[in-house]
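Undergrad: Here you go, sequence then predicted model.
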Amino acid sequence: MAPIINHFSMSNLYRFGEFVLDPGRRTLSCADSPVSLTPKAFDVLLFLVRNPNRLVTKEELLQAVWGDTFVEEGNLTQYISHLRKALGDNAEDARLIVTIARKGYQFTVDVSVADAAETVRHAAVQVSTAESSLADAQPVLGNPKDEVVSKTPKHWWSAAALAALTVILAAVAYTSWRHFAGMAPPTSQTQKIMLAVMPFENLTGDPNKEYLADGLTEETISQLGRLNPEQLGVIARTSVMGYKHKNERLDQVGRDLSVQYVLENSLRESGGHMRLTAQLIQVKDQTHLWSQDYDYPMKDVLNVEDEVAKAVAHEIRVRLTSEQQAELAQAHPVNPEAFDAYLHGYYFFERNTDKDTEMAAKYYERATQLDPSFALAWVGLSRVRNWQVNAVLIPAEEGHRLAREAVERALALNPNLATAHVQMGRIQQQVDFDWAGADASFQRALALESGNPEVVRMSAGSAANLGHFEEALPLNRRAVDLDPLNADSWESLAETQFFMGQLDQAAADCKKALELNPDVVAAHTVLSQIYVMQGRPQDALPEIELERYDSGRGWLYAIAYHALGRKKESDSALSEFIAKYHAGGAYQIALVYAFRNQPDEAFEWLGRAYAQRDGGLIETKVDPLLKNLHSDPRFAAFLKKLNLPTF
C-alpha cells in the first residue's frame, strides 16, 4: 500500500483559519483545542491541505491515501463528510471543502506553511496509529469498508457486463427512490422534489467506453423519471450532459438546474468485475445522504437478474401500483451484444449529423438483428429513418415505410413503451394526417411517462398544431422545467408563442435557446420569422445567414426581401429555392407565396406538399405566414382535406 505522497517536509505545519495541521505528529487543533480524526480522515485532509484552491480529483485522493488497492468510492465520500463535521464546515456560503460535481473536491481556504521548530507548541490529540472504523467517529453514515479488489488487468466480457448493468440500474434507481419516499412531503401541492442524475464518469481507463457511460446516464434518468413524476422530477439528459466535461461546483449545479438533490455515478472495471458507484447528495449543504457500490463478477453476472429484481420489488412495493409491480416482476431479457449495439446507436444518433445518423442506423439495425425482441432498438431505428426522410437523405416513401414497420414492431413487443407511442404519433402526424390518432398516441405516452421531457414536448407540439394553446403552453413550460438547459425545449416553447402571436416573448425564448446551443435546429428560422412579423425584416437577414442548412435559408430570404420591398431579390431567392428543393420543400414554397399574397400559387404548392406528405403541413392551421389565405374558401377546404378542424 503506497503511503501518502511525501515530497513535503513532515516538519511543516499547515495553518488555515483557526486550524493547525501537524503531519509529523499527525495532529489537528483548532484554537489550541484538539480535534479528533481517524487515520484515514487525517490522510485525506492532509492531501487536500497540501493542494489548496484547485480541483483534487477522486482518483488523486484514492491513489494518495490507499495506493494500489481498490477501495469503494463511497468510503471516500464518507471520510469527506466526517471531515466536514470535524471542521465545523456546515455553512453554505463559507465552505472549506467544496464538492466539484462528478470530479472531486476543492479545499477553498488559503493555507500557510510554517516550520514546526519555529512554532510554539500547540495542543492537539494524537491520532491513533491503528486503523479504526469510521463508524466509531460517525455512526450516522454507516460502517464503511475499505474493500480491496486486486487491480490485476484482465479481459472481461463487456457484453455480459452490459446485461448486468441493465439490472443494476434498476437497483440504483429504485434504491434512490426509496430514500425520496421517506422524505417529508413538499410544502405545497405544486412543489416537487427535483433531482439531477449527473453524467456517468467513465473510470474504466478506456475512452472507447464513453458510449457506455452516456447510455447508462440516459437509462438511469429514464428509470427514475418513471417512478412517480408527480412527486419526483428528474432533470433530462440534455441538461445534465453539459456538465460532462465541466468542473462545476455542486451548489452552482443546484442553482443552474433548480434541483435539491444530485445523483453522482461512476463506472469502473477491475479484473473480472464491473463496479457501478452511485451517490445521492443534498445540494444545499452537500451532505452525502446515501451511497452504494454494485460489484459483480462477470462469470456470475447473468445469474443475478432474478435476485436483484425480487429484492427491488420487495423494497419499494408500497410505492408502486399493482401494474408497476407486475411490470417489475416480468423478466426482460436482452441479448448483451444487442444492448451494446443499441447504446452505440443511441450515442451516434444524439450527435445529430448526417454521417453519425447513418452510423446510428447501422447499429440499431444490428441490435434488432441480434435480438428481434428488443423493442427499444426498433424505436431507435424508426426514429433514424424518420430523421433521414426529413433531412432528404433517403426517399420519403421508402423511409416512411421503414419507420412505420419498425415502430409497429416495437409496440407489438411492448405496448407500454412511451417512446414508441411518441414515434407512432410523429408518423401519424407527418404521414397519415391522422391528428386524432396522433393525439391519442401522445396522450398515451404522457400517461406512461409524464416526467419524460421529450414526451411532454411532443405532446405540447401536437396540441399547439391543433390550436389548443391553453393545453400546449403549460406542457411547453413543463418541458423546460424538466430540461432547463435543453435548447430544443426553449425553441419549442418559443414556437408555440410565435403561433399564439406572443412575438416579444417568443423572441426572448428563441434567444435563450441560441445561448444554450447556437446550432439548435429551427431557432434561427423561427427568430427570423418573428422579426419579419414584428416589422423588422432587416434584423431577420443576419439570423437567416446563421441558419444551419442551405435548404432553410433560401425561402426565408425570399420572405425577408419581400418585406423589405426588394422584389427582384425576393423573386431570385424563391426561384433558386424552387429549382433546388421543389421535391422536398413544397410547404416552404407555399409559405412564401402566401406571405407575398399570391394565393393561387400558394394553394398550388400546398397541393404539392400534400402529395409529397411534407412534414411541414402539420403546422398549416396555426402558421402565421399563411394568414393571408384564411379568408379564402380554399383554405377551409384544404384544412378539411388534412383532417384538421377549421377555425
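TA: Nice, thanks for sending it over.

Undergrad: State the number of residues packed around Asp550.
TA: Neighbourhood size, Asp550 [other C-beta atoms under 10 Å]: 10. Heads up, the C-betas are built off the backbone N, CA and C, glycines and all.

Undergrad: Just read off the phi/psi values of it.
TA: phi -60, psi -40 (degrees, to the nearest 10).

Undergrad: What residues of stretch 442-449 count as buried?
TA: Within stretch 442-449, the residues that qualify as buried are Phe442, Arg444, Ala445, Leu446, Leu448, Glu449, counting by 16 or more other C-beta atoms under 10 Å.

Undergrad: mean confidence for it?
TA: The average pLDDT within stretch 442-449 is 92.

Undergrad: likewise stretch 79-87?
TA: Rounded mean pLDDT across stretch 79-87 is 80.

Undergrad: For it, list every residue counted as buried.
TA: Quick answer for stretch 79-87 (16+ other C-beta under 10 Å): Tyr79, Ile80, Ser81, His82, Leu83, Arg84, Ala86, Leu87.

Undergrad: Could you save those as TSV and add columns showing secondary structure?
TA: Supplementary listing: these in TSV, determined by DSSP: H, G, I helix; E, B strand; the rest coil:
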residue	secondary structure
Tyr79	helix
Ile80	helix
Ser81	helix
His82	helix
Leu83	helix
Arg84	helix
Ala86	helix
Leu87	coil
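
Undergrad: Tell me which two in those are the farthest apart.
TA: Pairwise distances across those (C-beta to C-beta) peak at 12.3 Å, for the pair Tyr79 and Leu87.

Undergrad: now do the same end-to-end measure for stretch 39-58.
TA: The first and final residues of stretch 39-58 sit 18 Å from each other (C-alpha to C-alpha, to the nearest Å).

Undergrad: Could I get the buried residue list for that stretch?
TA: For stretch 39-58, a neighbour-count test (16+ other C-beta under 10 Å) marks 39-52, 56-58 as buried.

Undergrad: Let me see the ranges of the strands in the stretch 201-350 of the chain.
TA: Under the criterion DSSP state E, counting those that start in this stretch, the stretch 201-350 of the chain contains strands at 201-202, 232-234, 261-270, 273-282, 287-297.

Undergrad: deepest of the ones you listed, which one?
TA: Scoring the strands of the stretch 201-350 of the chain by mean neighbour count under mean count of other C-beta atoms under 10 Å gives strand 232-234 as the most buried, with a mean of 25.

Undergrad: Can you give the contact residues for that strand?
TA: Outside strand 232-234, the residues that touch it by C-beta atoms under 8 Å, 6 or more residues apart in numbering are 177, 180, 192-197, 221, 224-225, 451, 481-482.

Undergrad: now stretch 377-392
TA: 338, 341-342, 345-346, 349, 354, 357, 360-361, 364-365, 367-368, 371, 394-396, 399-400, 402-404, 406-407, 409-410, 413, 417, 419-420, 423, 426-427, 430, 551, 583-584, 615.

Undergrad: Just put the strands of the stretch 201-350 of the chain in TSV and tack on mean pLDDT and distance to Asn208.
TA: Below are those laid out as TSV (pLDDT from 0 to 100; distance: least, C-beta to C-beta, whole Å):
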stretch	mean pLDDT	distance to Asn208
strand 201-202	84	9
strand 232-234	80	28
strand 261-270	79	12
strand 273-282	76	15
strand 287-297	68	21
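
Undergrad: and Leu473, which of those strands is closest to it?
TA: strand 232-234 (18.6 Å).

Undergrad: Near Thr108, how many other residues are there?
TA: Look at Thr108: counted by other C-beta under 10 Å, it has 16 neighbours.

Undergrad: Specify the beta-bridge partners of the nearest residue to it once chain neighbours are set aside.
TA: Distance criterion C-beta to C-beta, 6 or more residues apart in numbering; nearest residue to Thr108, sequence neighbours excluded, is Val98 at 5.3 Å. Bridge pairing for Val98 (DSSP bridges) gives the partners Gln106.

Undergrad: hang on, the earlier thing: Ala560 is nearest to which of the strands of the stretch 201-350 of the chain?
TA: strand 232-234 (40.3 Å).

Undergrad: returning to what we had before: which single one of the buried residues of stretch 442-449 is nearest to Ser528?
TA: Nearest to Ser528 among the buried residues of stretch 442-449 is Phe442, at 28.4 Å by C-beta to C-beta.

Undergrad: Settle this for me: that closest one is touching Arg457, isn't it.
TA: No: between Phe442 and Arg457 there is no contact, the gap being 10.0 Å when judged by C-beta atoms under 8 Å.

Undergrad: Return the two entries of the contacts of strand 232-234 that lie farthest from one another.
TA: Trp177 and Asp481 (19.7 Å).

Undergrad: Which of the contacts of strand 232-234 has the largest number of neighbours?
TA: Val197 (30 neighbours).

Undergrad: what's it in contact with, if anything?
TA: Val197 neighbours (C-beta under 8 Å, 6+ apart): Thr217, Thr220, Ile221, Leu224, Val234, Ile235, Val240, Val262, Leu263, Asn265.

Undergrad: Please tabulate those in a markdown table, including the columns distance to Gln63.
TA: What follows is the contacts of Val197, written out as a markdown table (distance: C-beta to C-beta, whole Å):
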| residue | distance to Gln63 |
| --- | --- |
| Thr217 | 25 |
| Thr220 | 27 |
| Ile221 | 30 |
| Leu224 | 32 |
| Val234 | 33 |
| Ile235 | 32 |
| Val240 | 27 |
| Val262 | 24 |
| Leu263 | 25 |
| Asn265 | 20 |
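
Undergrad: buried stuff in whatever helix or strand Ala637 lives in?
TA: Element membership of Ala637, judged by DSSP states H and E, is helix 633-641. By 16+ other C-beta under 10 Å, the buried positions in helix 633-641 come out as Phe635, Phe638, Leu639.

Undergrad: From those, pick the one nearest Gly461.
TA: For the buried residues of helix 633-641, the closest approach to Gly461 (C-beta to C-beta) belongs to Leu639, at 18.1 Å.

Undergrad: Leaving out chain neighbours, which residue sits closest to that closest one?
TA: Thr646 (5.2 Å).

Undergrad: Look at that neighbour and tell me its secondary structure.
TA: Relying on three-state DSSP, one would call Thr646 coil.

Undergrad: need the contact list for it.
TA: Here Thr646 is in contact with Ala636, Leu639, Lys640 (C-beta under 8 Å, 6+ apart).

Undergrad: Could you save the residues you listed as CSV and add columns showing pLDDT and distance to Leu28?
TA: Converted to CSV, the contacts of Thr646 look like this (pLDDT from 0 to 100; distance: C-beta to C-beta, whole Å):
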residue, pLDDT, distance to Leu28
Ala636, 95, 81
Leu639, 95, 77
Lys640, 93, 81
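
Undergrad: now, which of the residues you listed sits nearest Trp605?
TA: Out of these, the member with the shortest distance to Trp605 (by C-beta to C-beta) is Leu639, at 16.0 Å.

Undergrad: A strand includes Glu408, no?
TA: No: the assignment for Glu408, made by three-state DSSP, is helix rather than a strand.

Undergrad: The closest residue to it other than its chain neighbours: how many residues sit nearby?
TA: Nearest residue to Glu408 in three dimensions, chain neighbours excluded: Met424, at 7.7 Å (C-beta to C-beta, 6+ apart). Close neighbours of Met424, defined as other C-beta under 10 Å, add up to 26.

Undergrad: Quick check, Met424 in contact with Val407.
TA: Yes: counting by C-beta under 8 Å, Met424 touches Val407, with 5.2 Å between them.

Undergrad: where's the residue nearest to Thr108 relative to Glu264, distance?
TA: 14 Å (C-beta to C-beta, to the nearest Å).
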